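Colleague: Pasted the sequence and its predicted model underneath.
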Amino acid sequence: MQYDSINVTLEHDIAVITLNRPDVMNALNAQMRAEITNAVHEMGKKARVVVLTGVGRAFCSGQDLGDSTAISKIDLERTLRDEYEPMLQSIVTCPVPTITALNGVAAGAGANLALAADVVIAAKSAYFSQAFTKIGLMPDAGGTYILPRAMGAAKAMGAALFADKISAQQADDWGMIWEAVDDTVFADHWMARAKHLANGPTVAYANIKQALRQTWQNTLAQQLEVEARLQKDCGNTRDFQEGVLAFLEKRHAKFEGR
């Protein structure tokens, strides 16, 4: 499939989806939202890990306020329901692990797009901003769901109200992302992380994603049932047999994905 606003590569079971509108700091327009959605769906079937990143000094600056549609005529509810929701759901429900390699600024909807991935690895020069109140809006694109879970209620409320910049290091310290790394090693580091996941037990990864997404709505008893059911699935895979054999033979396991 051909894309215009993003670049998509697939190599060594790693799909890299790169937002490619650097002249507008990778701002999201309708075309980019549709292309991200389609690319994640497509690569989720072909790859063993999907990475989201950006070209230039920004990951994504949020909604393209200079889009051809006049701002006064934008139907925000329709746009969120019909364009943002499918994009975010494609990432959250992707059957393989997803990584945001945060190369730069992530503002507004761009911040929440970044946080939708399973793991966020940020360059230390990058930062987040829930910039919505600066234009008279509230956080959307999943922000009111993701933020309290990622950083706690108090930090989430402050981030939403003040729209302050949150550095990659702050995000790391607060438990909002997985890690912040020096810019000099950023590209090599996130690729190494992606390779680790691409070589891992994909059924176990898929079940981890499912179990952790469900835990917020379950009691302990319900979550124990989820774990038992999903662990049975993991135990029936060749990867489990290989993992045990590798442990006994004191070598690295060679997982095949089932």
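Modeller: Right, received. Where do you want to start?
Colleague: hey, let's count contacts and neighbours off CA atoms from now on
Modeller: Noted.
Colleague: Excluding covalently adjacent residues, which one is nearest to G235?
Modeller: Closest residue to G235 apart from its sequence neighbours, by Cα to Cα, 6 or more residues apart in numbering: Q241 at 7.9 Å.
Colleague: Would you state the strands of the stretch 101-250 of the chain in chain order?
Modeller: Counting by DSSP state E, counting those that start in this stretch, the stretch 101-250 of the chain has strands at residues 105-107, 119-123, 127-129, 165-167, 179-181.
Colleague: can I get those in TSV with mean pLDDT and mean neighbour count?
Modeller: Shown next, in TSV, are the strands of the stretch 101-250 of the chain (pLDDT from 0 to 100; neighbours: other Cα atoms under 10 Å):
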stretch	mean pLDDT	mean neighbour count
strand 105-107	97	29
strand 119-123	98	25
strand 127-129	98	25
strand 165-167	97	18
strand 179-181	98	20
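Colleague: What distance do you get for the residue nearest to G235 to V105?
Modeller: Q241 sits at a distance of 43 Å from V105 (criterion: Cα to Cα, to the nearest Å).
Colleague: try F59
Modeller: Per Cα to Cα, F59 is found 5 Å from V105.
Colleague: hmm, back to that, which among the strands of the stretch 101-250 of the chain is found nearest to H196?
Modeller: strand 119-123 (12.8 Å; Cα to Cα).
Colleague: Give me the contacts around that closest one.
Modeller: For strand 119-123, the external contacting residues (Cα atoms under 8 Å, 6 or more residues apart in numbering) are 98-104, 114, 168, 177-183, 186, 190.
Colleague: Repeat that for stretch 103-114.
Modeller: Against stretch 103-114 from outside (Cα under 8 Å, 6+ apart): 27-28, 52-63, 88, 100, 102, 120, 122-123, 125-132, 139-143, 146.
Colleague: just stretch 251-258 next, same as before
Modeller: With Cα under 8 Å, 6+ apart as the criterion, stretch 251-258 contacts 199-203, 237-239, 242-243, 245-247.
Colleague: In ChimeraX, how would I select just the buried ones from the contacts of strand 119-123?
Modeller: Command for ChimeraX, covering only those of the contacts of strand 119-123 found buried under the criterion 16 or more other Cα atoms under 10 Å:
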select :98,99,100,101,102,103,104,114,168,177,179,180,181,183,186,190
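Colleague: circling back: now the contacts of stretch 251-258: which count as buried?
Modeller: Buried residues within those, counting neighbours by 16+ other Cα under 10 Å: N199, G200, P201, T202, V203, T237, D239, E242, G243.
Colleague: buried stuff in the helix or strand of the chain with the lowest mean pLDDT?
Modeller: Ranked by mean pLDDT, DSSP states H and E, the weakest helix or strand in the chain is helix 76-79, scoring a mean of 91. Using 16+ other Cα under 10 Å as the test for burial, helix 76-79 gives no buried residues.
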